[in-house]
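Participant: how would this look folded up:
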Amino acid sequence: MKKIALSFIFISIATGTILFFFNMQKDQEIRSAVPKMHQISLFHYFSGSLSGGLTEMINTVNSRDPNQQVLAQSLNHEAFKSMIHMTLAKGNPPELFTYWAGAKTQELVNQGKLEPLDDIWQTVPLTNRFTTPVTEAASTYNGKKYLLPISQHVVVFFYNKQLLEREGLTSPATWEELVNLAEELKNRQYTPFALGAKERWPAQFWFDYLLLRTAGPTYRQNLMEGKAAYTDPQVQKVYEMWGSLLQKGYFNANANDLDWAEATQTVCSGDAAMTLMGSWAIQALATEKCGLPEETGFDFFAFPMISPGVPKIALGPVDGIVLTKDSANHTFAKTILSYFSEVLPQQKLSIGSGGFAPSSQVLKTSYSPLRRRILAESESSAQWAFNYDLATASEIADKGMDSFNELIAFPDQSAKILEHLQTEVSRIRQTK
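Facilitator: So this is what the prediction gives:
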């Protein structure tokens, strides 16, 4: 009996051992058959009052393949500017991050921080999705592709249409009409122009358009490249014109204390009549909190022409996604990156952000009537220009934007402000 019992135990152990290893092998086969999830990081500045659309865009990209996911991390718009440079310097950057096309991207390319995207441009191919002008202006640096465009905005005047209609006033078509409208609004105890320059950059649109509408795009480009000086008569004229509007009380007195969203809210409330801002302002104006429906509650008009013979230029930023050179998973990151160029993701961001999809495959019928009119207005322009802080070197842009705040605070000191600015710009350029 003992021999039978021992034999039974031995057989049971042997059988159990065989079953264990068989099941372990099957588990390994099952695990190896299940695709591994790949994840990459995307840092972005679509947050706070500028948050519209990117979450929807990323969700659309992630729904394409559950085993390939983008982990998005949003940061405050201003904090992002310093944070991304810190991560790049430390050598631990995310695979992808959003960035502004123009001079800012050019600086990172020159520093060797970004990975070229020419291979996906050819294999997808992205030439079928982005037009040559967009590719050349926003994506191409030093002869290679580095930025995939995801959003484009146009800077125009947004105004409270209900306020103007209630006062029997109409939107202006010329510079003279704009100045006369501002005077009339001020006489009726309204703030003509709402400006929130606390973070500096919203003020740049006044400088940009005044310079483009008087000196023209060629001179402006020379100024951006250091071939012209801030003490030139062309720039002095701009500061004097802007300073005159400020001295006449056409702007809110607390412009340097408000951000762009707070200034836009004064247009919603009817305390101010209009604001010069990018099309992202639509996401603030069209909310229930604002209570102004598109076209009937609020509307837009283009910055008027000023000097005869100066070509009509549209102004605004292009946002994109770049791939860092020092990050891992380049091949996978490029695969995911190409998904952001597809119609549905581009459309999702354009709807949420108030802007436009750089992709030519996104139909214009997907935009609201107001947005289609803004797009048509920009397309009627002879050229496109990036706003000031995207058109010149960052260190110089910082000094220039400081001068805008100084002019807002001391509008009668334009000459001294420009002299100081040129001294600072010359110092910076000499150290390069």
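Participant: how far out from the middle of the chain is stretch 408-424?
Facilitator: Centre-to-centre, stretch 408-424 and its host chain are 28 Å apart (CA atoms, centre = their mean, to the nearest Å).
Participant: tell me which residues of that stretch come out buried.
Facilitator: 408, 411, 414, 417-418, 420-422, 424 (16 or more other CB atoms under 10 Å). Where C-beta positions appear, they are placed from N, C-alpha and C, glycine not excepted.
Participant: could you do stretch 55-69 as well?
Facilitator: 55-58, 60-62, 68-69.
Participant: make TSV from those and add pLDDT and secondary structure to it.
Facilitator: What follows is the buried residues of stretch 55-69, written out as TSV (pLDDT from 0 to 100; DSSP: H, G, I helix; E, B strand; the rest coil):
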residue	pLDDT	secondary structure
T55	90	helix
E56	91	helix
M57	91	helix
I58	91	helix
T60	91	helix
V61	92	helix
N62	91	helix
Q68	86	strand
Q69	90	strand
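Participant: from those residues, which single one is nearest A393?
Facilitator: Distance to A393 across the buried residues of stretch 55-69 (CB to CB) is lowest for M57, with 30.1 Å.
Participant: and the nearest residue to that closest one once chain neighbours are set aside, what does it touch?
Facilitator: Once flanking residues are discounted, M57 sits nearest to L349: 4.2 Å by CB to CB, 6 or more residues apart in numbering. L349 makes contact with 53-54, 56-57, 150-151, 355, 357, according to CB atoms under 8 Å, 6 or more residues apart in numbering.
Participant: for this structure, give me the ranges with low pLDDT.
Facilitator: 1-37, 49-50 (pLDDT under 70).
Participant: in which helix or strand does the residue most central in space within the chain reside?
Facilitator: Nearest to the mean C-alpha position of the chain, by CA atoms, centre = their mean, lies D319 at 4.2 Å. If you go by DSSP states H and E, D319 is part of strand 318-323.
Participant: if we look at that strand, which residues are touching it?
Facilitator: 42, 95-102, 105, 108, 114-115, 117, 134, 137-139, 146-153, 330, 333-334, 337, 340, 358, 386.
Participant: relative to E294, which of the buried residues of stretch 55-69 is nearest.
Facilitator: Distance to E294, by CB to CB, is smallest for E56 among the buried residues of stretch 55-69, at 19.4 Å.
Participant: next one: the closest one from D65, what distance?
Facilitator: According to CB to CB, to the nearest Å, E56 and D65 sit 17 Å apart.
Participant: over to L211?
Facilitator: According to CB to CB, L211 and D65 sit 47 Å apart.
Participant: swap in T423?
Facilitator: Distance from T423 to D65, counting by CB to CB: 55 Å.
Participant: got it, and V238?
Facilitator: According to CB to CB, V238 stands 51 Å off from D65.
Participant: equivalent analysis for N222, please.
Facilitator: Taking CB to CB, one finds N222 at 48 Å from D65.
Participant: could you do G226 as well?
Facilitator: Plainly put, G226 is 47 Å away from D65 if you go by CB to CB.
Participant: what of G143?
Facilitator: For G143, the distance to D65 equals 32 Å [CB to CB].
Participant: same check, this time on V156
Facilitator: V156 sits 38 Å away from D65 when distances are taken as CB to CB.
Participant: where exactly do the helices run in the stretch 201-350 of the chain?
Facilitator: Using DSSP state H, counting those that start in this stretch, the helices of the stretch 201-350 of the chain run over residues 204-214, 217-224, 233-247, 260-269, 282-285, 330-339, 343-353.
Participant: for the ones you listed, which one sits closest to K90?
Facilitator: Between K90 and the helices of the stretch 201-350 of the chain, the shortest separation by CB to CB is 18.9 Å, and it involves helix 330-339.
Participant: buried set for that closest one?
Facilitator: So for helix 330-339, counting by 16+ other CB under 10 Å, buried means 330, 333-334, 336-339.
Participant: report the two of the residues you listed separated the most.
Facilitator: Within these, H330 and Y339 form the most distant pair, 15.5 Å apart (CB to CB).
Participant: can I assume A281 is in contact with Q265?
Facilitator: No. Contact between A281 and Q265 fails when scored by CB atoms under 8 Å: they sit 10.6 Å apart.
Participant: looking at those two, which has the bigger crowd around it?
Facilitator: A count of neighbours by other CB atoms under 10 Å puts A281 above the other of A281 and Q265, at 24 against 21.
Participant: give the contact list for that one.
Facilitator: A281 touches 158, 260, 264, 275, 354, counting by CB under 8 Å, 6+ apart.
Participant: now the closest residue to the fourth one other than its chain neighbours: phi and psi?
Facilitator: Spatial nearest neighbour of T275, excluding adjacent residues (CB to CB, 6+ apart): A194 at 4.2 Å. Dihedral pair for A194: phi -90, psi 130, per degrees, to the nearest 10.
Participant: what's the answer for L148, then?
Facilitator: Main-chain dihedrals, L148, degrees, to the nearest 10: phi -100, psi 110.
Participant: do G143 as well
Facilitator: Per-residue torsions, G143: phi 80, psi 0 (degrees, to the nearest 10).
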